[in-house]
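In: Build me a model from this:
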Amino acid sequence: MIIGGLLFVIGFLMHFFNLGKLPGDIVFRKGNTTVYFPIVTSIIISVILSLIVYFIGKSR
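Out: Residues are numbered from 1 along each chain as shown. Next comes the predicted model:
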């Protein structure tokens, strides 16, 4: 349930604060097909989550 809650919060932030459309994210559009690779967004989320886990582990 914790992972589901985190995914919900991340999705909420990406939708309402436009985090999913950063420079460096790759979008291919051809006809009715769109392929989206959120590379920069994934890196930023990874760094933030790594810092959170680091500080939680350090506090124990």
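
In: so where is the chain shaky, pLDDT-wise?
Out: Counting by pLDDT under 70, the chain has low-confidence residues at 18-20.

In: Which parts of it are strands?
Out: Here the chain has its strands, by DSSP state E, at 26-30, 33-37.

In: Of all those, which one comes closest to V47?
Out: Proximity to V47, assessed across those by CB to CB, is greatest for strand 33-37 (17.7 Å). Every C-beta, even on glycine, is put in place using the N, C-alpha and C of the backbone.

In: Check which helices and strands that closest one sits against.
Out: Judged by 3 or more CB pairs under 8 Å, 6 or more residues apart in numbering; DSSP states H and E, strand 33-37 is in contact with strand 26-30.

In: Look through the protein and tell me its longest helix.
Out: Taking DSSP state H as the assignment, the helix of the chain that covers the most residues is helix 39-59.

In: Just the buried residues of that helix, please?
Out: Taking 16 or more other CB atoms under 10 Å as the basis for neighbour counts, the residues of helix 39-59 that come out buried are 40-41.

In: F28 pairs with what?
Out: With DSSP bridges applied, the residues forming beta bridges to F28 are V35.

In: one step back: can you list the strands of the chain in a markdown table and add mean neighbour count and distance to L13?
Out: Compiled in a markdown table, these are given as follows (neighbours: other CB atoms under 10 Å; distance: least, CB to CB, whole Å):
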| stretch | mean neighbour count | distance to L13 |
| --- | --- | --- |
| strand 26-30 | 9 | 19 |
| strand 33-37 | 10 | 17 |
